[in-house]
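Novice: Turn this into a model:
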Amino acid sequence: MPRLAVTSPAIRLVEIEDDELEEFIELWAENIGESYASVQRIGKANDKGRDVVAFLTLQKHEGAWHLYQCKRKTRGSKLGLPEALGELGKLFFHHCAGAYATLPTKYAFVTPRGAVGDLVHLINHPSQLRDALIASWNDHCAKKITARQTVPLTSEIRAAINGYDFGEIEYLAAPTS
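Specialist: Next comes the predicted model:
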């Protein structure tokens with residue numbers, strides 16, 4: 001009798017494509033018991049830094065919401081600090097530009113292959129993550145938020161960054177064993 005190959009869910013999660021990861025997170029968010037008012041998958045070009053959003057109230061982007069930013073990465077690659085800072089830069093830029101009235105009360109990088117050590121360190125030290133975003137804005141955000149313009153760290157963006165609870169930023173990875 002032929003033997004069936006059984007692949008663990010964690011391995012399958014690491015192998016799925018970008019759009020499948022976003023779909024998986026959308027379905028997961030709809031069913032995790034957070035009592036979200038609604039869940040939307042926005043990801044694609046011009047998503048304003050939002051792949052999957054889960055609204056805690058009917059006020060949607062004018063109330064409390066969670067953001068799941070999906071970063072599949074390629075085989076053997078983990079989410080790095082420059083890319084993560086760029087994504088956070090998008091969040092604050094688009095918030096200050098009026099795309100959403102409130103910032104998410106939880107921000108999760110969904111990165112099945114994990115995150116590099118310096119990013120994990122900063123996530124575990126929220127004030128250092130805030131400081132790193134401000135200090136490296138010109139290197140990792142200014143020219144990467146939008147192809148149409150260079151985005152300076154304005155006083156409005158800086159105030160939004162300084163007012164945000166960086167303790168609400170986390171990363172979700174597939175189990176390694």
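Novice: contacts, neighbours, all on C-alpha from now
Specialist: Fine.
Novice: Which positions in the helix or strand containing His121 come out as buried?
Specialist: Taking DSSP states H and E as the criterion, the element that holds His121 is helix 117-123. For helix 117-123, burial by neighbour count (16 or more other Cα atoms under 10 Å) applies to Leu119, Val120, Leu122, Ile123.
Novice: and if you look at stretch 159-175?
Specialist: Buried residues in stretch 159-175, defined by neighbour count with 16+ other Cα under 10 Å: Ala160, Ile161, Asp165, Phe166, Gly167, Ile169, Glu170, Tyr171, Leu172, Ala173, Ala174.
Novice: My reading is that the second one lies in a strand. Confirm?
Specialist: No: the assignment for Ile161 (DSSP: H, G, I helix; E, B strand; the rest coil) gives helix, which keeps it out of a strand.
Novice: Assign a three-state SS to Glu83, would you?
Specialist: Counting by three-state DSSP, the backbone at Glu83 sits in helix.
Novice: again with Val151
Specialist: When the structure is reduced to helix, strand and coil (three-state DSSP), Val151 reads as coil.
Novice: Quick check: chain neighbours aside, which residue is closest to it?
Specialist: Among residues not flanking Val151 along the chain, Ala142 sits closest, at 4.4 Å (Cα to Cα, 6 or more residues apart in numbering).
Novice: Relative to Phe55, which of the buried residues of stretch 159-175 is nearest.
Specialist: For Phe55, the closest of the buried residues of stretch 159-175 turns out to be Ile169, at 16.5 Å, with distances computed as Cα to Cα.
Novice: Sticking with the residue lying closest to that closest one once chain neighbours are set aside, tell me its helix or strand.
Specialist: In space, Ile169 comes closest to Tyr107 once its chain neighbours are excluded; the distance is 4.8 Å by Cα to Cα, 6+ apart. Secondary structure assigned from DSSP H and E places Tyr107 in strand 106-110.
Novice: got it, and Lys144?
Specialist: Element membership of Lys144 [criterion: DSSP H and E] is none; it lies in no helix or strand.
Novice: Name the SS class of the residue nearest in space to the middle of the chain, please.
Specialist: What sits nearest the mean C-alpha location of the chain, by Cα atoms, centre = their mean, is Gln69, with 2.8 Å. In the three-state summary, Gln69 is assigned as strand, counting by three-state DSSP.
Novice: Near Arg26, how many other residues are there?
Specialist: Check again: residue 26 is Glu, not Arg. Around Glu26 sit 20 other residues, with neighbours defined as other Cα atoms under 10 Å.
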